[in-house]
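> Next comes the sequence, and after it the predicted model I'd like to discuss.
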Amino acid sequence: MISYGKQTIDNSDIEALINILNGDWLSSGPAVSKFEDDLNNYFGSNSACAVSSGTAALHLTGMALGWEENDIVLTSPLTFLATVNSIIYSNATPDFIDIDPASFTIDLNILEKKIISLRKVGKNIKAIIGIDFAGHPCNWEGLRFLADKYELQLVNDNCHAMGAKYCSKKEYAVSFADAVTQSYHPVKHITTGEGGCILTNNQVLDEKVRRLRNHGMTKDKNQLTKNDGQWYYEMPEPGFNYRITDFQSALGSSQLKKLDDFVKRRIEIATQYNDLFSHLELISTPIVDNKVSHAYHLYPLLIDFQKLKINKKTLFDKLLKNKISLQVHYIPVHLQPYYQTNFGFKYGDFPVAEDYYFREISLPIYPKLLDDEVSFVAKKIIDIINI
Ligand SMILES: Cc1ncc(COP(=O)(O)O)c(C=O)c1O
């Protein structure tokens, strides 16, 4: 079966894991700190706090930034559920900004208008979460400008874009956003099985997320109200067990060494798809802004099903018979029953994201995918839709 995404594990990853299993520390040990140092080196951050998932990273970020009831956090509806759920975990209110039709990231023209209109009616906007969707960075210069102008916190949900570049820099994320969250789920650019991280240059934020990942406990002398001895700890506020293990961290360090090669291969595959589809009128391949080097976590292909005799469901069924399993990323989050019922969102609220959803299919893309498999997938799609 050819699926849309898959991990790439080699012998060096396996050896790194075995070393940990033969050692003294399975959790909260030196491999975790080493992974965090490696992440700082690669992404240019001062602090990296590795956690158990990308969702945990988003949750802790919202808590550490102090989101609370009556705060509004703005994001785009084209994302995984976790981005938006992290807002409600902190009792804040999510609101959406439609996507830019070319980059599929948050549309800055709509964003500024929305900030102005919400402020006019006395709403308390606290933060913006930009999603580097599919591996295409947002307009971060513009987002930073607006965040400064309106005094808003700025978060980068960077789960899709590890190894992407913005203004030629792969260290871009932490230089624009106050906090950057990543996921190391198996379909992502690098994997730790499950895992995630919060990257930041803000020391206070880092101290908070570090404490919250470990039940809210601290042994840091500067944070204690008293000190009964070396065993002594305090809990200024309750946190969670969102720790990552040493064996996951060792896998992460090993994978990170290969991130540039992984991204290179993803770009090769995307280029191959671009060549195979670009001559077809009813199909749109991803558009890449000239400030951006795309990391292609996803390859979103847009098909004008309305003008075809076949719908998306039939295309998926027929591809599955050919052992090709595609995905759709994503059903816009405002359409989820929970968000419709509890926040009053409805079809028609964010037409660009909804139109994208009707047309999008995510093609297989991962480093181990062979050139022949790429051609096979493209040929089958073109044959089935018969254009
Ligand atoms: C954009 C985005 N945000 C957050 C997450 C959550 O990450 P995790 O699955 O590691 O919890 C994902 C993972 O799919 C994602 O794609």
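In hand now; what should we look at?
> okay, now the spatially closest residue to His334 that is not a sequence neighbour: neighbour count?
When the adjacent residues along the chain are set aside, His334 lies closest to Phe345, with 3.7 Å between them (CB to CB, 6 or more residues apart in numbering). Bear in mind the C-beta positions are built from the backbone N, C-alpha and C, glycine included. Each residue near Phe345 was counted by other CB atoms under 10 Å, and the total is 21.
> likewise Ser28?
Counted by other CB under 10 Å, the residues lying close to Ser28 total 13.
> just checking, it touches Arg243?
Yes. Using CB atoms under 8 Å, Ser28 is in contact with Arg243, at 6.3 Å.
> Now do the shared contacts for these two.
By CB atoms under 8 Å, 6 or more residues apart in numbering, Ser28 and Arg243 have these common neighbours: Asn214.
> any idea how far the residue nearest to Thr200 when sequence neighbours are not counted lies from Leu60?
Nearest in space to Thr200, with sequence neighbours left out and distances taken as CB to CB, 6+ apart, is Ala179 at 4.9 Å. According to CB to CB, to the nearest Å, Ala179 and Leu60 sit 9 Å apart.
> swap in Ser253?
Ser253 is 21 Å from Leu60, by CB to CB.
> Counting neighbours, go ahead and name the busier of those two.
Higher neighbour count among Ser253 and Leu60: Leu60, with 29 against 20, using other CB under 10 Å.
> ok but that one is inside a helix, no?
Yes. Assessed by DSSP: H, G, I helix; E, B strand; the rest coil, Leu60 belongs to a helix.
> could you point out which element follows the helix or strand harbouring Ile72?
According to DSSP states H and E, Ile72 maps onto strand 71-75. Later in the chain than strand 71-75, the nearest helix or strand by DSSP H and E is helix 81-89.
> Sort out which residues of that following helix are buried, please.
Residues of helix 81-89 classed as buried: Ala82, Thr83, Val84, Asn85, Ser86, Ile87, Ile88, Tyr89 (neighbour count, 16 or more other CB atoms under 10 Å).
> And stretch 92-100, by the same measure?
Ala92, Thr93, Pro94, Asp95, Phe96, Ile97, Asp98, Ile99, Asp100.
> cool, and stretch 54-74?
54-65, 67, 71-74.
> Same question for stretch 332-352.
By 16+ other CB under 10 Å, the buried positions in stretch 332-352 come out as Pro332, Val333, His334, Leu335, Gln336, Tyr339, Phe345, Asp349, Phe350, Val352.
> you'd agree the residue nearest to His334 is up against Tyr338?
No. Between Phe345 and Tyr338 there is no contact, the gap being 9.9 Å when judged by CB under 8 Å.
> mind listing what the closest residue to the ligand within the stretch 51-200 of the chain touches?
Relative to the ligand, the nearest point of the stretch 51-200 of the chain is Gly54 (2.5 Å; CB to the nearest ligand atom). Neighbour list for Gly54: Ala82, Asp157, Cys159, Thr181, Gln182, Ser183, Tyr184, His185, Gly195, Gly196 [criterion: CB under 8 Å, 6+ apart].
> Which ones, among these, also lie beside the ligand?
Taking CB under 6 Å from any ligand atom as the test, the ligand is in contact with Ala82, Asp157, Cys159, Ser183, His185, Gly196 out of those.
> SS state for Phe358?
Reduced to three states with three-state DSSP, the structure at Phe358 is helix.
> What pLDDT is listed against the closest residue in space to it that isn't next to it in sequence?
Among residues not flanking Phe358 along the chain, Phe305 sits closest, at 6.8 Å (CB to CB, 6+ apart). Predicted confidence (pLDDT) at Phe305: the value is 96.
> what about the strands in the stretch 101-250 of the chain?
124-131, 153-157, 165-166, 179-183, 196-200 (DSSP state E, counting those that start in this stretch).
> next one: the stretch 251-387 of the chain
283-284, 292-293, 299-303, 324-325, 360-363.
> who's in contact with Ser293?
Ser293 is in contact with Ala164, Lys165, Tyr166, Ser168, Ile267, counting by CB under 8 Å, 6+ apart.
> now the fourth one: how far from Ala161?
Distance of Ser168 to Ala161, computed by CB to CB: 15 Å.
> Number of residues surrounding the closest residue to Ile382 other than its chain neighbours?
Using CB to CB, 6+ apart and skipping the chain neighbours, the partner closest in space to Ile382 is Leu280 (7.1 Å). Residues contacting Leu280 under the criterion other CB under 10 Å number 16.
> Ramachandran angles for Leu280?
With angles defined as degrees, to the nearest 10, Leu280 sits at phi -100, psi 120.
> near the ligand, which residues of the chain show up?
Looking at the ligand, the residues of the chain close enough under CB under 6 Å from any ligand atom are 53-55, 79-80, 82-83, 131, 157, 159-160, 183, 185, 196.
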